[in-house]
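In: Need coordinates for the following:
(chains A and B)
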Amino acid sequence: MTRSGIVQFVSFFVYVLVQAMLLKNLVLFNTGFCFLYIAYLLLLPIETNVLVLMLLGFVMGFSIDIFYNSLGLHALTLVFIGYLRNYWLGAITPQGGYDAGAIPGMKALGLQWFLVYMMPLVFLHHLVLFLVEAANFDLFWYSMLKTITSMLFTMTIIVTLQYLVPQRSRI
Amino acid sequence: MERLLNFVYTYRAFFTLLLLELLCSWLIIQNNQFQSTKYFNSSNRLFARIHSTSQNIRDYFSLAEVNYTLAQENAFLRKRLEQRNELLKAMPATAIKDSARIRQFDFVSAKVVNNTTKYYKNFITIDRGEDAGLQPGMAVISSGYAVGKVKTVSKHFSVLISLLNLDEQVSCIIKRTGHFGTAQWDGTDPTFINLKYIPRHVMPAVGDSVVTSGYNAVFPAGTYVGKIKEFKLKEETLFYDIKVELAQDFGKLAFVEVIKSNLKKEKDSLEHITTGELK
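Out: Residues are numbered from 1 along each chain as shown, chains lettered A, B, ... in the order given. Alright, predicted model coming up:
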């Protein structure tokens, strides 16, 4: 296994444990949740195959689900995001394209691009998550409120971590 | 055939997506069905251990408060016991003969190792399981207030379905009027629960106590749920919209008692014979 492979492997467990032990208990204003684990999937190298993304999304979602007692819920949403990610990356390719082996992080591509890349996917992830969890359209607007506050919360944490943790711009 | 295979191969990403999403949907639907013994949830030993560890750390911060609540409850129970003893002295010793009825309910105390209140479907994990005789379907209370039902048990841990769960329904009565309805959470505020199916002719009042009815033999009759905070009666509806303020503060649960109902099987099988349908 290459060095970056080991890093990815370890960070998988770090994301799951941080989510299950810390962020699960951290809820702002009754409506703001932090689902940081989505960043693992979104920060994998740009050239990652979509099949790999979906499988990793499934495994990660499934592990999160065990802690949340919501079998299948997080797996479903994360597989969905794994499917969309590469299409979205293709749609917002900057001028001159991506460097070979680049990671879609803030260091390589800038804050503005990073927000454009992250926000819609995080929003969609949260929306699907809350709607499927409620399984009830009576709660649509409340779910929407939860989605927006949670998106702001999750994005703040993700961007802060981009500043704090030293990033490599490529593998 | 070859063209079909080519087609599937070209769109392999989409078909994998379909396959995985179907699998996940199946899991979600399976998991929604109440009372089952499953492996992949937080009663699983490894995952429960992880939760226990993190709960142990959090416990230190609430020790004082938990002690205070427990001491208060002890004092209250001691008072009740004394009163009961005094009453018994006055009663003839042969008044109650059926010991099975006296021992209808057993209590098992357990510690909460994991608890959520802010999701649509909240669950509580506790540190007692099959070892202590727990089974899916048993009622759980804390300081005399209703908490939820046991959903899944493993050897040493169990997962409870909290009252704060869209799927949980409890049969309740308004104590003053005696009318029964169903308490169900609406998924928004963890301090309130809705009481449904109270018909139009009833006259509820703000502050009325809502207690469990005991009709489903899960909760003992009269377990306190909360008091009515507000109620509305719309022109076109058959039933009141009643908001009940929960007596239990679910954010602070530390210890719970699981109630083993020894007569539940007898009651259920009698009802089954009469109505001929499975409950």
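
In: Excluding chain neighbours, what is closest to B:Glu168?
Out: B:Ile161 (5.2 Å; C-beta to C-beta, 6 or more residues apart in numbering or on different chains). Any C-beta I mention is one placed from the backbone N, CA and C, and that applies to glycine too.

In: would the one you found count as being in a strand?
Out: Yes. Using DSSP: H, G, I helix; E, B strand; the rest coil, the assignment for B:Ile161 is a strand.

In: can you pull the contacts of it?
Out: Contact analysis of B:Ile161 by C-beta atoms under 8 Å, 6 or more residues apart in numbering or on different chains lists B:Phe34, B:Phe123, B:Gly148, B:Lys149, B:Val150, B:Lys151, B:Asp167, B:Glu168.

In: My guess is A:Gly61 contacts A:Ser70. True?
Out: No. Using C-beta atoms under 8 Å, A:Gly61 makes no contact with A:Ser70, being 9.8 Å away.

In: between the two, who's got more neighbours?
Out: Higher neighbour count among A:Gly61 and A:Ser70: A:Gly61, with 28 against 25, using other C-beta atoms under 10 Å in any protein chain shown.

In: would the more buried one count as being in a helix?
Out: Yes. Using three-state DSSP, the assignment for A:Gly61 is a helix.

In: Would you mind stating the distance between the residue of chain A most remote from its centre and chain B?
Out: Largest separation from the mean C-alpha position in chain A: A:Asp138, at 26.9 Å (C-alpha atoms, centre = their mean). According to C-beta to the nearest C-beta, to the nearest Å, A:Asp138 and chain B sit 8 Å apart.

In: Show the contacting residues for that residue.
Out: With contact set as C-beta under 8 Å, 6+ apart, A:Asp138 has no partners.

In: in the stretch 51-200 of chain B, what residue is nearest chain A?
Out: Scanning the stretch 51-200 of chain B for the residue nearest chain A gives B:Phe123, at 4.1 Å (criterion: C-beta to the nearest C-beta).

In: per-residue pLDDT, B:Gln104?
Out: Per-residue confidence at B:Gln104 stands at 68 (pLDDT).

In: correction: A:Thr154
Out: With respect to pLDDT, A:Thr154 scores 90.

In: unless I'm mixing things up, it is touching A:Tyr37, no?
Out: No. At 9.7 Å, A:Thr154 does not count as touching A:Tyr37 under the criterion of C-beta under 8 Å.

In: Spatially nearest residue to the residue nearest the centre of chain A (excluding sequence neighbours)?
Out: Chain A has A:Ile38 as the residue nearest its centroid, 1.9 Å off, counting by C-alpha atoms, centre = their mean. Leaving aside its chain neighbours, A:Ile38 sits nearest to A:His125 (5.4 Å; criterion: C-beta to C-beta, 6+ apart).

In: So the residue farthest from the centre of chain A belongs to a helix, correct?
Out: Yes. According to three-state DSSP, A:Asp138 belongs to a helix.

In: how near is it to A:Leu131?
Out: Distance of A:Asp138 to A:Leu131, computed by C-beta to C-beta, to the nearest Å: 11 Å.

In: where's the residue nearest to the centre of chain A relative to B:Arg3, distance?
Out: 38 Å.

In: pretty sure B:Trp26 contacts A:Gly72?
Out: Yes. B:Trp26 is within contact range of A:Gly72, at 7.3 Å (criterion: C-beta under 8 Å).

In: Could you look up the SS state of B:Ala183?
Out: Following three-state DSSP, we place B:Ala183 in the strand state.

In: I meant to write A:Thr93 there.
Out: Following three-state DSSP, A:Thr93 is assigned to coil.

In: Low-confidence bits of chain B, can you list those?
Out: For chain B, the stretches flagged by pLDDT under 70 are B:32-45, B:89-104, B:216-217, B:276-279.

In: do chain A as well
Out: By pLDDT under 70, the low-scoring segments of chain A are A:1, A:166-171.

In: Tell me if A:Leu56 really is in a helix.
Out: Yes. According to three-state DSSP, A:Leu56 belongs to a helix.

In: thought it was touching A:Leu44?
Out: Yes. A:Leu56 is within contact range of A:Leu44, at 7.4 Å (criterion: C-beta under 8 Å).

In: and for the two, which residues touch both?
Out: Taking C-beta under 8 Å, 6+ apart as the contact rule, A:Leu56 and A:Leu44 touch no residue in common.

In: Walking through the chain, point out its helices one by one.
Out: Just so you know, I chose chain A. A:3-21, A:38-42, A:50-68, A:73-91, A:106-109, A:111-134, A:140-164 (DSSP state H).

In: Please refer instead to chain B.
Out: Secondary structure of chain B by DSSP H: the helices cover B:2-10, B:12-32, B:45-90, B:99-102, B:264-275.

In: how about JSON lines for those, with distance to chain A and mean neighbour count added?
Out: Formatted as JSON lines, the helices of chain B follow (distance: least, C-beta to the nearest C-beta, whole Å; neighbours: other C-beta atoms under 10 Å in any protein chain shown):
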{"stretch": "helix B:2-10", "distance to chain A": "12", "mean neighbour count": "9"}
{"stretch": "helix B:12-32", "distance to chain A": "3", "mean neighbour count": "16"}
{"stretch": "helix B:45-90", "distance to chain A": "5", "mean neighbour count": "12"}
{"stretch": "helix B:99-102", "distance to chain A": "35", "mean neighbour count": "9"}
{"stretch": "helix B:264-275", "distance to chain A": "24", "mean neighbour count": "12"}
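
In: Perfect, that will be all.
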